[in-house]
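Novice: I would like the atomic coordinates for the input below:
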Amino acid sequence: MQRRLCSLAALAVVAVAGLGLAGCANEPTRIQPGTTAAETLQRLGAPTGRYPLTGGGERLQYSRMPAGFEVTDIDVDAAGKVVSVTQVLSEARFGADIKVDQWRQNDVLAFYGRPYQIDRVSSFDGAVWTWRYKAVNERRMLYIYIDRAGVVRRYHTGDDLEFERVRD
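Specialist: I've put the predicted structure just below:
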């Protein structure tokens, strides 16, 4: 009986370890530059978005919205090789990445994917697209304001208060 319990315990440990490794295998940020697009798709499955890039390449986008906090863009060149892997929902990147008065709605989608939610506010004539992200383990929100013509007019970040409402 003791021997059987030990065998079952060992089997459980192996199964849990296997699940942990399987989880790593489908983590978009673990894809290395030089990996083929076919290999990337085989490892990660279908992306949540696919967008053409200038020069004949393609962006494979893996978003964890609406429940998650990451959007990973994997850029593949015209030869079908991964050239970059970027987790784009990073507060340190927003100022350099978001092109106010230049980006259009499609540019936002190609960079961040579908938002967590879309709202309207009385102080802006357009839509406010929102993504959830984490900054040093704090739940945060990215708000991008897109006017009626589809142009990004501004953005800002703020605390994710939804979690606080649930806890109260």
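Novice: Which parts of this structure are strands?
Specialist: Taking DSSP state E, the strands of the chain run over residues 49-52, 58-63, 71-76, 82-87, 117-119, 126-135, 138-147, 152-159.
Novice: Using neighbour counts, pick out the buried residues of the first one.
Specialist: The reference is to strand 49-52. Within strand 49-52, the residues scored as buried using 16 or more other Cβ atoms under 10 Å are G49, Y51. Heads up, the C-betas are built off the backbone N, CA and C, glycines and all.
Novice: go on, the fourth one?
Specialist: Of the residues in strand 82-87, those with enough neighbours to count as buried (16+ other Cβ under 10 Å) are V82, V85, T86.
Novice: now that strand, how far from the chain's geometric center?
Specialist: Put simply, strand 82-87 sits 12 Å off its chain's centre (Cα atoms, centre = their mean, to the nearest Å).
Novice: Next, give phi and psi for the spatially closest residue to E70 that is not a sequence neighbour.
Specialist: Residue nearest to E70 in three dimensions, not counting chain neighbours: R64, with 4.9 Å by Cβ to Cβ, 6 or more residues apart in numbering. Note on R64: backbone dihedrals following degrees, to the nearest 10 are phi -100, psi 10.
Novice: I figured R64 hits Q87, correct?
Specialist: No. Using Cβ atoms under 8 Å, R64 is not in contact with Q87; the gap is 10.1 Å.
Novice: and the strands of the chain as TSV, adding mean pLDDT?
Specialist: Putting these into TSV (pLDDT from 0 to 100) gives the following:
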stretch	mean pLDDT
strand 49-52	96
strand 58-63	97
strand 71-76	98
strand 82-87	97
strand 117-119	96
strand 126-135	96
strand 138-147	96
strand 152-159	97
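Novice: Average pLDDT for stretch 161-168, rounded please.
Specialist: Across stretch 161-168, pLDDT averages out at 62.
Novice: shared neighbours of R64 and Q87, anything?
Specialist: Both R64 and Q87 are contacted by E70, V71, under the criterion Cβ atoms under 8 Å, 6 or more residues apart in numbering.
Novice: re earlier: can you tell me which of the strands of the chain comes nearest to D101?
Specialist: Ranking the strands of the chain by proximity to D101 (Cβ to Cβ) places strand 152-159 first, at 6.8 Å.
Novice: Run the chain-centre distance for the closest one.
Specialist: 17 Å.
Novice: again with stretch 151-164
Specialist: Distance, centroid of stretch 151-164 to centroid of chain: 16 Å (Cα atoms, centre = their mean).
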